[in-house]
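Undergrad: I would like to see how this sequence folds:
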Amino acid sequence: MNTTTQLLRFITAGSVDDGKSTLIGRLLHDSKSIFEDQFSAISKTSEKRGMAAVDLSLLTDGLQAEREQGITIDVAYRYFATPKRKFIIGDTPGHEQYTRNMVTAASTANLVVILIDARKGVLTQTRRHTYLASLVGVPHVVLAVNKMDMVDYSQARFDEIVAEYKAFAVQLNLHDVHCIPLSALNGDMVVDRGDSLDWYKGPALLELLERIEIDHDVNTSDFRFPVQWVCRPQSEEHHDFRGFAGRIEAGEVSVGDEVTILPSGRTTKVKEIVTYDGNLQTAFAPQSVTITLADEIDISRGDMIVKTDHLPPKVEKGFDAMLCWLSESPLDKNRKYLVKHTTRTAKCLFSNIDYRVDVNTLEQHANPTVNMNDIVRVGIKVQQPLVFDSYEIDRATGSFIVIDEATTLPHAGGGLGWG
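TA: Below is the predicted model of the structure:
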């Protein structure tokens, strides 16, 4: 397999009996991504339970066991690959009380597969999962209408569900929505097309996952380089070297480009782009590099290097944002917290709490008490200026986490421009 094969991160979301575990098991089995001993084990378990066929949902039993152990950020992952692409599946719980789990997994996903039981159609949970996916900016949505075998593979039923779902997706400004009828139990339209859905002319699920374009999921226009570390080697050979290490979060940069350092506003030019494998002429997101500059400028961790002639980010000590509260302790407006944004950590206060969103109805409730799993609109004041973009422009520079100052545990995750 080519070592440069693209990686697609996707999550699955659905109600309890929509067949999520069976779908993941079918993907792993039919793409030949499980070992013989694993298949043998689930075959024996299925036989003991009196099942006529192998229950592929048993492949995810380990995920359920992990949840029962009380993991805090309760997202479990499965990895597999085909000759065309590598995949990471984030398995997210469907219940409302695990809203924070889905938000955590979706925040780094390229795509979400939302399962619907063809017999039940679009449910409240379907709308909730779709809203959360839109909230954190998942670029691609796949509506998987499962259990088509239970409705006699009816095209009319599939079209009815798709029409209802797309009408809702338009309200959330979701544009890239793909709809696939399938039967995870029988394997129709998961990896192989099967023989029962001849009327459907689109790709099977794995085919779609392999070919969907994700190159533009990262902002390629506006160069953003948060400084993670100031590199000053203590050796005679490199005693004059002063570089700035970090990961390019958006755009690209070349030697000779004029750049601005924020928040100071000083300008200079890129002298070198250094990597472990040697110097580069041009570097792109999401590469990790060390940049040296033509002029001596006071730069420290948390500063951001941007191109002078590009759209500048905002530099402010206060902002409004949407966030998901992750902690079991309610938000306390009288307490100081820490906000971690890219590579900068600063003390902060909540200046206002505007409203809470009911994730089932999307209604807004004013003056709320903020508890675990709540989605709220807030105002935040920070001690040091942050350099940020709207979350819609760049997920990396538009997102942040709120940390408890005493315990250093994460209490919330948020985005500027969410919703």
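
Undergrad: which SS class is Asn128?
TA: For residue 128 the amino acid is Arg, not Asn. Three-state assignment for Arg128 (DSSP: H, G, I helix; E, B strand; the rest coil): helix.

Undergrad: now the one 5 residues further on
TA: For Ala133, the assignment made with three-state DSSP gives helix.

Undergrad: Skipping its backbone neighbours, what lies nearest it in space?
TA: Val112 (4.5 Å; Cβ to Cβ, 6 or more residues apart in numbering). Using the backbone N, CA and C atoms, a C-beta is placed for each residue, glycine as well.

Undergrad: I'd like the distance between that neighbour and Asp257.
TA: To Asp257, Val112 is 36 Å away according to Cβ to Cβ, to the nearest Å.

Undergrad: And for Glu363?
TA: 47 Å.

Undergrad: With neighbour numbers in mind, choose between these two.
TA: Taking other Cβ atoms under 10 Å, Glu363 and Asp257 do not tie; Asp257 has more neighbours (18 against 10).

Undergrad: Who is the residue nearest to Ala133 paired with across the strands?
TA: Bridge pairing for Val112 (DSSP bridges) gives the partners Ile11, Val141.

Undergrad: you'd agree it is up against Arg9?
TA: No. Between Val112 and Arg9 there is no contact under Cβ atoms under 8 Å: 10.1 Å.

Undergrad: how far does stretch 171-179 stretch from start to finish?
TA: Using Cα to Cα, to the nearest Å, one end of stretch 171-179 lies 17 Å from the other.

Undergrad: Make residue 1 into 52 and carry on from there
TA: New numbering, starting at 52: the last item is stretch 222-230.

Undergrad: Buried ones in that stretch, by neighbour count?
TA: Within stretch 222-230, the residues that count as buried by 16 or more other Cβ atoms under 10 Å are 223, 225, 228-230.

Undergrad: So which of those sit within strands?
TA: 228-230 (DSSP state E).

Undergrad: So which residues lie in contact with the longest helix along the chain, not counting its own?
TA: Scanning the chain for the longest helix, with DSSP state H as the assignment, gives helix 206-222. Contact partners of helix 206-222, identified using Cβ atoms under 8 Å, 6 or more residues apart in numbering, comprise 167, 169, 172-173, 177-178, 181, 192, 194, 196, 199, 202, 228, 230, 232, 250-251.

Undergrad: Show the buried residues in those.
TA: Using 16+ other Cβ under 10 Å, the buried members of the contacts of helix 206-222 are 167, 169, 173, 177-178, 181, 192, 194, 196, 199, 202, 228, 230, 232, 251.

Undergrad: For those residues, which two are the farthest from each other?
TA: Arg178 and Tyr251 (24.2 Å; Cβ to Cβ).

Undergrad: What about Asn385, how many residues nearby?
TA: 6.

Undergrad: coming back round to it: okay, Val163 and Arg60: which has more neighbours?
TA: Val163 (26 against 19).

Undergrad: so what's that one up against?
TA: With Cβ under 8 Å, 6+ apart, Val163 has these contacts: 61-64, 157, 180, 184, 189, 191-193.
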